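Student: Would you be able to build a 3D model of this:
(one chain, ligands or ions: 1)
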Amino acid sequence: MNNLNLLNKNSINLDANASWGTSEEVWAELCEMQAALGSLNPSSIHQGGQRSRFLIEEARDSIKDLLSLKSADKLIFTSGATESNNTAIFSAMLGKKIKTAVVTSTIEHPSILEAAKKLALLDHKVVFVQPDSKGETSVDSILTNVNSETSILSLMLVNNETGIINPVSQIASNIQQQGISCLVHTDAVQALGKIPVSFMDLNVDLMSISGHKIGALAGVGALIVRDGLEIEPLLYGGPQEKRSRAGTENILGIVSFGIAAKILKKSLKERITKISQNREIFWRELRNKIPNILPNVDLSKTSPNTLSLFIEDVNTSDLVVALDLEGIYISSGAACASGKPGASHVLLGMGMSEERASQSIRISLKDSYPEEKLLEAAHKIISCIERIRG
Ligand code: PLP
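Tutor: Next up is the predicted model:
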């Protein structure tokens, strides 16, 4: 318990893309439901089990509603988007007897990149498409690499470090129109809660989402599978999730995900407006007071809460550590096993030099901070940069 003293109550989380943090409303509802959340096995046929089953199905319906799923589309609960992404990639390949191809981009989350690299080691053909120097992936750059040999294309909807929004629905529609039978998967983890997301409009076959990026507990996610598509499970065992994902369900996590989805459905418009305003306030303050600071991408093409910034002559690690001491949480984009920040694989994957990437930071904002708190954080960033620059 003593370690809790290490948490700074006045800290400001400007690292919302790493985790939104469990929202107060979600905690409050979970506490109210405590008696019903006894974690009895939802596969048990007694009443206790059936209560758990009911709660899981209620959460599933709330998330399906948020994402405009058709009733026949499947939503498979997983342990998080890492598992959802791995399931999508490996499932597409497991179903095939011959070696086939995966197309993805160089700036995906490691749960796609590492899964794809594993397939390459197993002699599957894997194409990593590089976006342009602004982090944008064109429809053509993907389409020229997708053909009848391709089993799956996986392209994220919103990049976690730059916030760039990819033209996923356009690409998926083109693939469909050309009659190419490859599956289209999108990692929509960073899109949810920041831009409107409709599975139907995206026109994809598979989509990954994660609970802790929208205010639910960590350790729960989902893979959406379009109506009519059967996937090979990643985990074998019991018949849970209609035999698509074995293992006793994480009831507490799933219920928290359902609550967060219900809240988001009601507040999405407001949330988007607020995070856009917050970013504008924040960015105006930084660009007016800090010389030689530039966005790494075109901000009009990004999710409204994310700022990827190049700050000349300021080493990312020095700034992350200095701000941490001030109770301001930002990120370099990447966290290596040692816990020390390193250059972002996304910025490097866009073709940026190591030198420039190591002078870049990611700020990702929430909707919940009042203006004075945001300005306080901006001023701490400004004074840390002045100190580092000497
Ligand atoms: N995909 C993206 C784009 C992410 O940002 C993350 C988490 O940072 C993940 C996947 C993995 O999600 P989870 O933490 O639920 O495994």
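Student: got the residues of the chain near the ligand?
Tutor: Residues of the chain lying close to the ligand (C-beta under 6 Å from any ligand atom) are 80-82, 85, 109, 111, 156, 160, 187, 189-190, 210, 221. Heads up, the C-betas are built off the backbone N, CA and C, glycines and all.
Student: Would you point out the most distant pair within these?
Tutor: Pairwise distances across these peak at 15.2 Å for G80 and M156 (criterion: C-beta to C-beta).
Student: Check the burial of C384 by counting its neighbours.
Tutor: 20 (other C-beta atoms under 10 Å).
Student: Who are the contact partners of the closest residue to it other than its chain neighbours?
Tutor: Closest residue to C384 apart from its sequence neighbours, by C-beta to C-beta, 6 or more residues apart in numbering: A322 at 4.4 Å. A322 is in contact with 384, 387-388, counting by C-beta atoms under 8 Å, 6 or more residues apart in numbering.
Student: Secondary structure, pLDDT and neighbour count for the residues of the chain next to the ligand - can I get that in CSV?
Tutor: Listed next are the residues of the chain next to the ligand as CSV, based on DSSP: H, G, I helix; E, B strand; the rest coil; pLDDT from 0 to 100; neighbours: other C-beta atoms under 10 Å:
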residue, secondary structure, pLDDT, neighbour count
G80, coil, 98, 22
A81, helix, 98, 28
T82, helix, 98, 19
N85, helix, 98, 30
H109, coil, 97, 23
S111, helix, 97, 21
M156, coil, 98, 26
N160, coil, 97, 23
D187, strand, 98, 29
V189, coil, 98, 28
Q190, coil, 98, 29
S210, strand, 98, 30
G221, strand, 98, 28
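Student: follow-up on the earlier one: can you tell me which of the contacts of A322 end up in helices?
Tutor: If you go by DSSP state H, the contacts of A322 have 384, 387-388 in helices.
Student: Could you point out which of these is nearest to the ligand?
Tutor: C384 (24.9 Å; C-beta to the nearest ligand atom).
Student: Need the pLDDT of that closest one.
Tutor: On pLDDT, C384 comes in at 96.
Student: isn't it right up against G327?
Tutor: No - judged on C-beta atoms under 8 Å, C384 makes no contact with G327 at a distance of 11.7 Å.
Student: what's the least confident helix or strand in this structure, going by average pLDDT?
Tutor: strand 334-335 (a mean of 54; mean pLDDT, DSSP states H and E).
Student: And the residue nearest to C384, how far from the ligand?
Tutor: Applying C-beta to the nearest ligand atom, to the nearest Å, the value for A322 to the ligand is 24 Å.
Student: How about the secondary structure of that residue?
Tutor: Under DSSP: H, G, I helix; E, B strand; the rest coil, A322 falls in the helix class.
Student: which stretches of this structure form strands?
Tutor: Using DSSP state E, the strands found in the chain span residues 12-13, 74-78, 101-105, 125-129, 150-154, 183-187, 206-210, 221-225, 293-295, 306-311, 328-329, 334-335, 341-342, 360-364.
Student: just so I know, which of those strands lies nearest Q34?
Tutor: strand 74-78 (20.8 Å).
Student: ok, that closest one: who's next to it in the sheet?
Tutor: In the sheet, strand 74-78 lines up against strand 221-225 (antiparallel) (DSSP bridges).
Student: got the contact list for the strand it pairs with?
Tutor: 63, 67, 69, 73-84, 87-88, 189, 199, 205-211, 231, 244-245, 257.
Student: Swap in 7 Å and give it another go.
Tutor: Identification of contacts with strand 221-225 by C-beta atoms under 7 Å, 6 or more residues apart in numbering yields 63, 67, 69, 73-81, 83-84, 87-88, 199, 206-211, 231.
Student: Can you point out the buried residues in stretch 177-192?
Tutor: 180, 182-192 (16 or more other C-beta atoms under 10 Å).
Student: before we move on, what about stretch 68-78?
Tutor: Neighbour-count burial for stretch 68-78 [16+ other C-beta under 10 Å]: 69, 73-78.
Student: Tell me which residue in the chain sits closest to the ligand.
Tutor: The ligand sits closest to G80 of the chain, with a gap of 2.9 Å, by C-beta to the nearest ligand atom.
Student: and the top helix by length along the chain, how far out from the chain's middle?
Tutor: The longest helix of the chain (DSSP H) is helix 251-289. The chain centre lies 14 Å from the centre of helix 251-289; the measure is C-alpha atoms, centre = their mean, to the nearest Å.
Student: need the ones in helices among the contacts of A322 in TSV with distance to N305, can you?
Tutor: Shown next, in TSV, are the ones in helices among the contacts of A322 (distance: C-beta to C-beta, whole Å):
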residue	distance to N305
C384	21
R387	27
I388	25
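Student: No more questions from me, cheers.
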